[in-house]
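Participant: How does the following fold in three dimensions:
(chains A and B)
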Amino acid sequence: MNNDEPLRHVQGNATHSESGPRPGYAQRARLSRQLRAIRWGVLLVGTAATVAFSTLAMRDTSEAAAEQPTPVLPAQVIAGDMPSQSLFTEGLRGFSLSPDSPRVGGQIITQPHARSSTS
Amino acid sequence: MTVVTQETVASTSFPALGSEITVAVTEPARLDQVVGHVRACVDLVDRTLSRFRPDSELRRLERRPGEPQPASALFIEALERSIMAAAASNGLFDPTIRDALEAAGYDRSIERIEAEGPGPARLPRPGGGWTGIRVDRANRTVTLPPGVRLDFGGIGKGLLVDLALRTLGNLTCGMLVSAGGDLAVTGPPPQGGWRCGIALTPDAPDEAVVRLTAGALATSGLGRRQWTREGQVLHHLIDPRTGRPGVSRWQVVTVAAGSCVVAEVAAKVAWLLDDDGPAWVVRRGLAGRFRDRAGAVVTVGGWPAETSAGEGA
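Facilitator: Have a look, this model is predicted:
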């Protein structure tokens, strides 16, 4: 709405347009503009609050947790040394197997250190 | 090579990732330090790769398919290694068989499957989705195709073991880390090597014992992760060609390799390859032990002559 256009007084079903300024017109117009500004302000604040509340309500705990940065271990764990070699060339070499010997250094060992099995 | 006497080995075990983690060191005073580090690695792997944790990085990345997503170094490493393994095995190892696993009933952790029973039957879905995954290492992003869901169950324990040992390289003692029976060693071994039993399941008696002085061992096959649905025995070793639990003459396959990831992948692929498994292992310069359902054993690639646990004791 253009604030400079003449005021329209509504009485019943009739609308009268008046072109000339009348006593108290400027004060009423100023009050009207202030009321409109307050209404818009209340509307905007309310909308923002509603959107913010809705956004928070939609986030379940798992999503909120998932948005946390992935925790990292101390630097030596990541080390930035992601393997770049081919899986089946890097991993082929370097293993050494031998038959079991129950007697090592004069001792009889009865229990394995570890076990490879399905899990 | 420096060796230490057998009696100095100290070890401990604790449950994690639906399995048991074992840590052994040749300097007992180092045990707490190494165990603490391994526990931290377990936690990192679980938070990054678990398909059962809604807050894992894997689950977060899956929420936005079709667009590049920032990913951690560990996630990128897991994905790159999985894709390399898939390519090296002509797709027999496949990190995109999650739908097939769930169709077979493995839709929750193995502890819950054992307690509550398997999930409902669904149409099996073959693998192959890995060919559409994009990894941008320079920008550290990952793009998952729509409809592709990941499962790192076939490589996660090996990754954990390799990660733990790789990042403990500054220690000078001998170390062994086992995650659910997939194990690797580093540093100076005990005298004679690390004595490793080979068994069907963690609770079963050792069928064989070998000495490992370097590298890794992994065993795959039909053990604990089996369940029954409507009278049908199902398991977690999915054949990506069909999307159904695989069929093999082998009960379990154990492979020795230079890294735990390679041993774990190779054991699964060799199991799925059935009769062709031993030759596949030999062609790649690995060593393997194939145990069929009747108990007969085939060893290839320099796997040492076996000594039964009873004889060993």
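Participant: report the longest strand in chain B, please.
Facilitator: If you go by DSSP state E, chain B has its longest strand at strand B:208-221.
Participant: per-residue confidence averaged over it?
Facilitator: For strand B:208-221, the mean pLDDT works out to 95.
Participant: Give the bridge partners for the nearest residue to B:Asp182 once chain neighbours are set aside, please.
Facilitator: Nearest-residue entry for B:Asp182: B:Ala218, 4.1 Å, with adjacent residues in sequence omitted and distances by Cβ to Cβ, 6 or more residues apart in numbering or on different chains. For every residue, glycine as well, the C-beta is placed using N, CA and C. Here B:Ala218 sits in beta bridges with B:Val255, going by DSSP bridges.
Participant: show me what contacts B:Ala218?
Facilitator: Applying Cβ atoms under 8 Å, 6 or more residues apart in numbering or on different chains to B:Ala218 gives the contacts A:116, B:157-158, B:181-183, B:254-255, B:257, B:260, B:263-264, B:266-267.
Participant: picking that back up, ok, the helix or strand just after the longest strand of chain B: who's next to it in the sheet?
Facilitator: Downstream of strand B:208-221, the next assigned helix or strand under DSSP states H and E is strand B:226-229. If you go by DSSP bridges, strand B:226-229 pairs up with strand B:232-235 (antiparallel).
Participant: Following element in sequence after the strand it pairs with, please.
Facilitator: Scanning forward in sequence from strand B:232-235 by DSSP H and E, the next helix or strand is strand B:238-239.
Participant: quick one: average confidence on that next one?
Facilitator: 96.
Participant: which secondary structure elements does that strand contact?
Facilitator: Counting contacts by 3 or more Cβ pairs under 8 Å, 6 or more residues apart in numbering or on different chains; DSSP states H and E, strand B:238-239 is packed against strand B:244-245.
Participant: Distance from the chain centre to the longest strand of chain B, please.
Facilitator: Mean-position distance between strand B:208-221 and its chain equals 12 Å (Cα atoms, centre = their mean, to the nearest Å).
Participant: ok, of the contacts of B:Ala218, which one's closest to B:Gly246?
Facilitator: Minimum distance to B:Gly246 across those is 12.7 Å, recorded for B:Ala267 (Cβ to Cβ).
Participant: which ones are touching that closest one?
Facilitator: B:Ala267 makes contact with B:218-221, B:253-255, B:288 under the criterion Cβ under 8 Å, 6+ apart.
Participant: Export these to TSV and append columns for distance to B:Ala305.
Facilitator: Shown next, in TSV, are these (distance: Cβ to Cβ, whole Å):
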residue	distance to B:Ala305
B:Ala218	21
B:Thr219	19
B:Ser220	23
B:Gly221	21
B:Val253	18
B:Thr254	15
B:Val255	17
B:Gly288	14
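Participant: just to revisit the earlier point, CA-only coordinates of the longest strand of chain B, as PDB, when you get a sec.
Facilitator: What follows is strand B:208-221 as a C-alpha-only set of coordinates in PDB (Å, rounded to 0.1, in the frame of the first residue of the first chain):
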ATOM      1  CA  ALA B 208      46.400 -76.900  13.200                       C
ATOM      2  CA  VAL B 209      49.100 -74.600  14.500                       C
ATOM      3  CA  VAL B 210      51.600 -72.500  12.500                       C
ATOM      4  CA  ARG B 211      54.300 -70.100  13.300                       C
ATOM      5  CA  LEU B 212      54.000 -66.600  11.900                       C
ATOM      6  CA  THR B 213      57.000 -64.300  12.000                       C
ATOM      7  CA  ALA B 214      55.700 -61.700   9.700                       C
ATOM      8  CA  GLY B 215      52.500 -60.800   7.900                       C
ATOM      9  CA  ALA B 216      48.900 -61.800   8.500                       C
ATOM     10  CA  LEU B 217      46.500 -64.600   8.700                       C
ATOM     11  CA  ALA B 218      42.700 -64.500   8.100                       C
ATOM     12  CA  THR B 219      40.100 -67.200   8.100                       C
ATOM     13  CA  SER B 220      36.700 -67.100   6.300                       C
ATOM     14  CA  GLY B 221      34.000 -69.600   6.000                       C
END
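Participant: mind checking which helix or strand A:Thr118 is in?
Facilitator: Per DSSP H and E, there is no helix or strand for A:Thr118.
Participant: for B:Phe290, same thing?
Facilitator: Per DSSP H and E: strand B:287-292 holds B:Phe290.
Participant: How far away from the center of its chain is that strand?
Facilitator: Counting by Cα atoms, centre = their mean, strand B:287-292 comes out at 16 Å from the chain centroid.
Participant: go on, stretch B:109-126?
Facilitator: On Cα atoms, centre = their mean, the centre of stretch B:109-126 falls 20 Å from the chain's centre.
Participant: Give me the buried positions along it.
Facilitator: Buried residues in stretch B:109-126, defined by neighbour count with 16 or more other Cβ atoms under 10 Å in any protein chain shown: B:110, B:113, B:118-119, B:124-126.
Participant: Between these, which sits nearest chain A?
Facilitator: B:Ile110 (9.0 Å; Cβ to the nearest Cβ).
Participant: which regions of the stretch 1-150 of chain B lie under the pLDDT threshold?
Facilitator: B:1-7 (pLDDT under 70).
Participant: One more: chain A?
Facilitator: Counting by pLDDT under 70, chain A has low-confidence residues at A:1-26, A:40-92, A:102-110.
Participant: ok, now with 80
Facilitator: The model of chain A has pLDDT under 80 over residues A:1-93, A:101-111.
Participant: ok, B:Leu272 touching B:Leu92?
Facilitator: Yes - B:Leu272 lies in contact with B:Leu92 (Cβ atoms under 8 Å); the separation is 5.2 Å.
Participant: Neighbour count for the two, which is higher?
Facilitator: Of the pair B:Leu272 and B:Leu92, B:Leu272 is the one with more neighbours under other Cβ atoms under 10 Å in any protein chain shown, namely 24 against 21.
Participant: what's near enough to touch the more buried one?
Facilitator: Contacts of B:Leu272 by Cβ under 8 Å, 6+ apart are B:92, B:237, B:239, B:246, B:248.
Participant: ok, of those residues, which one's closest to B:Trp227?
Facilitator: Of all the contacts of B:Leu272, B:Leu237 has the smallest distance to B:Trp227: 12.7 Å, by Cβ to Cβ.
Participant: returning to that earlier point: could you dump the buried residues of stretch B:109-126 into JSON lines and include distance to chain A?
Facilitator: Shown next, in JSON lines, are those (distance: Cβ to the nearest Cβ, whole Å):
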{"residue": "B:Ile110", "distance to chain A": "9"}
{"residue": "B:Ile113", "distance to chain A": "14"}
{"residue": "B:Pro118", "distance to chain A": "18"}
{"residue": "B:Gly119", "distance to chain A": "20"}
{"residue": "B:Pro124", "distance to chain A": "22"}
{"residue": "B:Arg125", "distance to chain A": "24"}
{"residue": "B:Pro126", "distance to chain A": "22"}
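Participant: Sweet, I'm off.
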